[in-house]
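# Sequence and computational prediction follow.
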Amino acid sequence: MKLVLDVLLLLLGALLGMAANYATSRTDHVPWPLRLLRDWSVPLVVVTLLLLVAGQVWLHFLERPVALTSSPS
């Protein structure tokens, strides 16, 4: 599970780089899928950053599980 999460976080980082690149590009002659990506790149950057943070928090809890202690009654 940890390996899958690490790979997904790596892919999200790559997606963040692509979205940031298209957010700052000014070319007008691009295919429509790339134009769509450029038009939605700013919200995509925000969502990707939120997913990266959530994934890192989840990975932290997977690597360091909370020990359950029972209190004497």
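Alright, I've got the coordinates. On a predicted model such as this, the values are computed, not experimentally measured, just so you know.

# Check which residues of the host helix or strand of residue 22 are buried.
Element membership for residue 22 (DSSP states H and E) is helix 2-24. Residues 9, 12, 15, 16, 18, 19, 22 are the ones in helix 2-24 that count as buried (16 or more other C-beta atoms under 10 Å). C-beta coordinates here come from the backbone N, C-alpha and C atoms, glycine included.

# Okay, angle between the very next helix or strand once past it and helix 2-24 too, please.
Downstream of helix 2-24, the next assigned helix or strand under DSSP H and E is helix 32-39. For helix 32-39 against helix 2-24, the angle by axes from the mean of the first three to the mean of the last three C-alpha atoms, to 10 degrees is 90 degrees.

# If you average the pLDDT over the helix or strand following helix 32-39, what comes out?
Remark: after helix 32-39, the chain's next helix or strand is helix 41-63, criterion DSSP H and E. Averaging pLDDT along helix 41-63 gives 83.

# And stretch 4-15, by the same measure?
So the average pLDDT for stretch 4-15 ends up being 82.

# what's the neighbour count on residue 57?
Residue 57 has 10 neighbours, counted by other C-beta atoms under 10 Å.

# same thing with the one 3 residues further on?
The number of residues packed around residue 60, counting by other C-beta under 10 Å, is 9.
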